[in-house]
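# Sequence and predicted model, in that order:
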Amino acid sequence: LEAAKARLTTQLLTDSRVQVYGAGRDDLLAGRIDIRVIVMIQYLAESYGQVGVTSLFSGHRKYARPGVISAHIFGQAVDIASVGGISIYGNSGPGGITEKTVRSILALPVEVQPRQVISLLGLGGASFPLADHADHIHVGY
């Protein structure tokens with residue numbers, strides 16, 4: 001995957017199904033983002049027809065919690081705010097878009113399997129709930 005990073009980044013940035021905030025686009029162009037994050041975002045666009053990214057490297061705080069540096073700082077995490085044109089906020093109930101998306105992410109092949117999938121839901125494996133994740137799904141490697 002690493003050998004295809006430049007091509008996959010260009011593909012992601014030109015995909016109309018993927019909405020990335022301005023500083024995040026700059027992060028992608030600068031090569032700051034892990035290839036697994038890029039592949040996972042493209043996977044969600046292919047699977048659901050739309051994905052909205054609100055945090056990559058730029059704009060995220062350094063610490064996830066006291067003493068723990070966020071995976072975002074290493075370009076190894078993404079926050080997803082919408083999937084399939086549906087906001088994560090207010091849609092974390094059973095069978096909703098958040099559950100479907102988290103289950104899809106957990107089903108990824110081992111090569112792109114994340115270490116953290118944080119939302120309001122705890123669905124096992126790398127998935128666990130945190131109350132401050134009502135408006136996005138955090139995926140970290």
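Thanks, I have it.
# hey, where'd the helices end up in the chain?
Counting by DSSP state H, the chain has helices at residues 5-13, 22-29, 35-48, 97-106.
# What separation is there between Ala131 and Ala71?
Ala131 is 19 Å from Ala71, where distance means C-beta to C-beta, to the nearest Å. From N, CA and C alone the C-beta is placed, and that goes for glycine too.
# buried stuff in stretch 47-61?
Using 16 or more other C-beta atoms under 10 Å as the test for burial, stretch 47-61 gives Tyr48, Gln50, Val51, Gly52, Val53, Thr54, Ser55, Leu56, Phe57, Ser58, His60.
# Quote the end-to-end distance of it.
29 Å (C-alpha to C-alpha, to the nearest Å).
# so what pLDDT did the closest residue to Gly125 other than its chain neighbours get?
Here the nearest residue to Gly125 in space, its sequence neighbours aside, is Leu106; by C-beta to C-beta, 6 or more residues apart in numbering that works out to 5.3 Å. Confidence at Leu106, expressed as pLDDT, is 97.
# I would like the residues contacting the helix-or-strand element of the chain with minimal mean pLDDT, please.
When the helices and strands of the chain are compared on mean pLDDT, DSSP states H and E, strand 63-65 comes out lowest with a mean of 82. Strand 63-65 has contacts (C-beta atoms under 8 Å, 6 or more residues apart in numbering) with Ile69, Ser70, Ala71.
# Against Gly31, how distant is Lys5?
Distance from Lys5 to Gly31, counting by C-beta to C-beta: 7 Å.
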